[in-house]
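Visitor: Mind folding the following:
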Amino acid sequence: MTSNNPWAKRTAVAVAALAILGSASPVLAATAETWGSRATTNSTDTTVTVTDTSQNANEANSDFYVNGSNTMRTITATEGKNSSVTSGKYDDGIEKIRACNVRPLSPDNCSDWKNT
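Guide: This is a model prediction of the structure:
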């Protein structure tokens, strides 16, 4: 049986579209980026990965805080452009991250802090 009611058809299309969008929603992660460095969390905000994004001979690092801790932690990518390092897993979750381009003779170039 088909309906001649245009609202019924529109409602059915809207419900189908929402179902498709809901099942295909992207996994969101926090990202902090500055020239030469990108830091991201995984989809559950329990690990941090830092990637060196420039060929400038400087290391790239990510500073981050774990939920419930006042201790800043740091991971560093040391192998040059496109190298990455991932932290261990923190079950309490990552609170905030920032990306830094390590400059030995100057202050590091760091992004703003990004909350997860």
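
Visitor: contacts, neighbours, all on C-alpha from now
Guide: Noted.

Visitor: what bridges to the residue nearest to Ala39 when sequence neighbours are not counted?
Guide: Of all residues not flanking Ala39 in the chain, Val50 sits nearest, at 4.3 Å (C-alpha to C-alpha, 6 or more residues apart in numbering). According to DSSP bridges, the residues that bridge with Val50 are Ala39, Val85.

Visitor: average pLDDT across stretch 85-98?
Guide: Mean pLDDT, stretch 85-98: 98.

Visitor: Flag every buried residue along that stretch.
Guide: Going by neighbour count (16 or more other C-alpha atoms under 10 Å), the buried part of stretch 85-98 is 85-87, 93-98.

Visitor: What about Gln55, how many residues nearby?
Guide: Here the count is done by other C-alpha atoms under 10 Å, and Gln55 has 11 residues near it.

Visitor: so who does it touch?
Guide: 36, 80-81 (C-alpha atoms under 8 Å, 6 or more residues apart in numbering).

Visitor: Lys89 too?
Guide: Lys89 touches 46-47, counting by C-alpha under 8 Å, 6+ apart.

Visitor: Need the phi and psi values for it.
Guide: Reported as degrees, to the nearest 10, the phi and psi values for Lys89 are phi -90, psi 130.

Visitor: backbone phi and psi for Asp91, please?
Guide: phi -60, psi -30.

Visitor: out of the contacts of Gln55, which one sits closest to Asp112?
Guide: For the contacts of Gln55, the residue nearest Asp112 by C-alpha to C-alpha is Gly36; the value is 14.2 Å.
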